[in-house]
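>>> Provided below are the primary sequence and the corresponding predicted coordinates.
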Amino acid sequence: MINKLVDKIKKTNAPIVVGLDPMLSYVPEHIQKKAFEEFGETPAGAAEAIWQYNKAIVDATYDLIPAVKPQIAMYEQFGVEGVKAFQKTVDYCHEKDLVVIGDVKRGDIGSTSSAYATGHLGKVQIGSKSYSTFNEDFATVNPYLGTDGIKPFVDVCKEEKKGIFILVKTSNPSSGEFQDRVIDGRPLYEWVGEKVAEWGADCMGDSYSYVGAVVGATYPEQGKILRKVMPKSFILVPGYGAQGGKGADLVHFFNEDGLGAIVNSSRGIIAAYKQEAYAEFGELNYADASRKAVEVMIADIDGALQNR
């Protein structure tokens, strides 16, 4: 799957991923109204609204991008109906041949970690049959529990030829409370990055490992260090756009081959119509605004890489 991701990035010349993180407040009124007429102001109505919202954004952008990243919490808040909308979104993105990064941030040990890995990336055995359930292509994983929490995911990835992105240096303001703690002369995020490189060493695709890392766009200097620590790991970079990251900040996340990183933007794309720059599109044409925001993001990152 890491080979597919690299191939799609090369074909689209777009090392970006669209975060499908729908809040109900992002969904235009006409979509909410139609969903509520059919299902009422209920979790099922909310789930239908976010599914229809996602579908139009995917339809408007899938030819420009290699991947999407649905954040499961935005669906789970609506309970079982929301999880169904998550599944519909994953399946629809696969129909459009997009790589799906499930932003699920799982992290546990033993049989629990194995169950998470099976549910999101693997196949569950039921009697004489096996089924792929959520069936994402990659999942995000929290390494706080160490190798015991990561190994079950790596095992499933080897079996299914899928991948993971391990949290190393996250984009949020308070990430440094733990991640920047100096241990034996180096910050914790460097130690975690070193483990990511180690876990990924025997999980290689053609040029990159399918054990990748999450490093926030909001910390470009740390990104520069971690790129060297994890030369064969693909880096998923959140924090672009709405959180303040810009293309010029991101050049050091990439290797000399122009690969090695994929940059996420969520509300900056899916709620682009709410921004002044795209206000001309209006609510009815929100998906066209999202397409334009994707084009602007691609140009920003490409321009930064050309000028580094």
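Great, that's in hand. Residues are numbered from 1 along each chain as shown.
>>> quick one: low-confidence parts of this structure?
Residue ranges of the chain with pLDDT under 70: 242-245.
>>> Let me see the ranges of the helices in the stretch 151-300 of the chain.
Along the stretch 151-300 of the chain, counting by DSSP state H, counting those that start in this stretch, helices occupy 176-179, 188-200, 220-229, 267-270, 286-306.
>>> Could you identify which of the ones you listed is most buried?
Ranked by mean neighbour count, the helices of the stretch 151-300 of the chain are led by helix 267-270 with a mean of 23 (mean count of other Cβ atoms under 10 Å). Any C-beta I mention is one placed from the backbone N, CA and C, and that applies to glycine too.
>>> Give the other helices and strands that it contacts.
For helix 267-270, the packing partners by 3 or more Cβ pairs under 8 Å, 6 or more residues apart in numbering; DSSP states H and E come out as helix 43-61, helix 286-306.
>>> picking up where we left off before, nearest approach to T140 belongs to which of the helices of the stretch 151-300 of the chain?
Nearest of the helices of the stretch 151-300 of the chain to T140, taken as Cβ to Cβ: helix 188-200 at 12.5 Å.
>>> Outside of that closest one itself, which residues are in contact with it?
For helix 188-200, contacts defined as Cβ atoms under 8 Å, 6 or more residues apart in numbering pick out 143, 147, 150, 154, 166-169, 178-183, 209-213, 222, 225-226, 229-233.
>>> Compute the inter-axis angle for it and helix 220-229.
Compare the direction of helix 188-200 with that of helix 220-229 by axes from the mean of the first three to the mean of the last three Cα atoms, to 10 degrees and you get 30 degrees.
>>> quick one, which of the helices and strands packed on helix 267-270 is nearest to V80?
helix 43-61 (7.7 Å).
>>> tell me which strands and helices the closest one is in contact with?
helix 29-39, helix 73-76, helix 79-95, helix 267-270, helix 286-306.
>>> If any of the contacts of helix 188-200 are buried, give me the ChimeraX selection for them.
To isolate the buried subset of these in ChimeraX, counting by 16 or more other Cβ atoms under 10 Å, use the following:
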select :143,150,154,166,167,168,169,179,209,210,211,212,213,222,225,226,229,230,232,233
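>>> Filter the contacts of helix 188-200 down to the ones in strands?
166-169, 182-183, 209-213, 233 (DSSP state E).
>>> Wait, S175 touches V215, no?
No - the criterion here is Cβ atoms under 8 Å, and S175 misses it with V215 at 10.4 Å.
>>> Now the common contact residues for the two.
K169.
>>> If you count surrounding residues, which of those two has more?
Each of S175 and V215 has its neighbours counted (other Cβ atoms under 10 Å); V215 has more, 32 against 18.
>>> For that one, list the residues it contacts.
Counting by Cβ under 8 Å, 6+ apart, V215 has contacts 168-169, 222-223, 226, 235-237, 253.
>>> Also V141?
105-107, 149-150, 153, 164-167.
>>> same thing with K158?
Contacts of K158 were listed using Cβ under 8 Å, 6+ apart, and they are C203.
>>> ok, it to P152 distance?
11 Å (Cβ to Cβ, to the nearest Å).
>>> Next one: N307 from G247, what distance?
To G247, N307 is 9 Å away according to Cβ to Cβ.
>>> which of those two has more neighbours?
With neighbours defined as other Cβ under 10 Å, N307 and G247 compare such that G247 has more, 20 against 9.
>>> In this model G303 seems to touch the more buried one, though I could be wrong.
Yes - counting by Cβ under 8 Å, G247 does reach G303; the two are 6.4 Å apart.
>>> before we move on, back to that, the contacts of V141: which two are farthest apart?
G149 and F165 (14.1 Å).
>>> okay, these two: which has more neighbours?
F165 (27 against 22).
>>> which residues sit in contact with the more buried one?
By Cβ under 8 Å, 6+ apart, the residues touching F165 are 101, 138-141, 212-214, 234, 236.
>>> Can you tell me which of the residues you listed is nearest T118?
For those, the minimum distance to T118 (Cβ to Cβ) is 11.1 Å, reached by A139.
>>> Neighbours of V124, how many?
12.
>>> What residues are bridge-paired with it?
Judged by DSSP bridges, the bridge partners of V124 are Y131.
>>> Next, the contact list for it, please.
118, 130-131, 133.
>>> ok, back up a step: closest one to Y278 among the helices and strands packed on helix 267-270?
For Y278, the closest of the helices and strands packed on helix 267-270 is helix 286-306, at 4.0 Å, according to Cβ to Cβ.
>>> which non-adjacent residue is nearest the most centrally placed residue in the chain?
When Cα atoms, centre = their mean is applied to the chain, the residue found nearest the centroid is K69 (3.5 Å). Spatial nearest neighbour of K69, chain neighbours left out: I101 (4.2 Å); criterion: Cβ to Cβ, 6 or more residues apart in numbering.
>>> could you list every residue that touches the residue nearest to D59 when sequence neighbours are not counted?
Nearest residue to D59, sequence neighbours excluded (Cβ to Cβ, 6+ apart): A287, at 6.7 Å. Listed by Cβ under 8 Å, 6+ apart, the contact partners of A287 are 56-57, 59-61.
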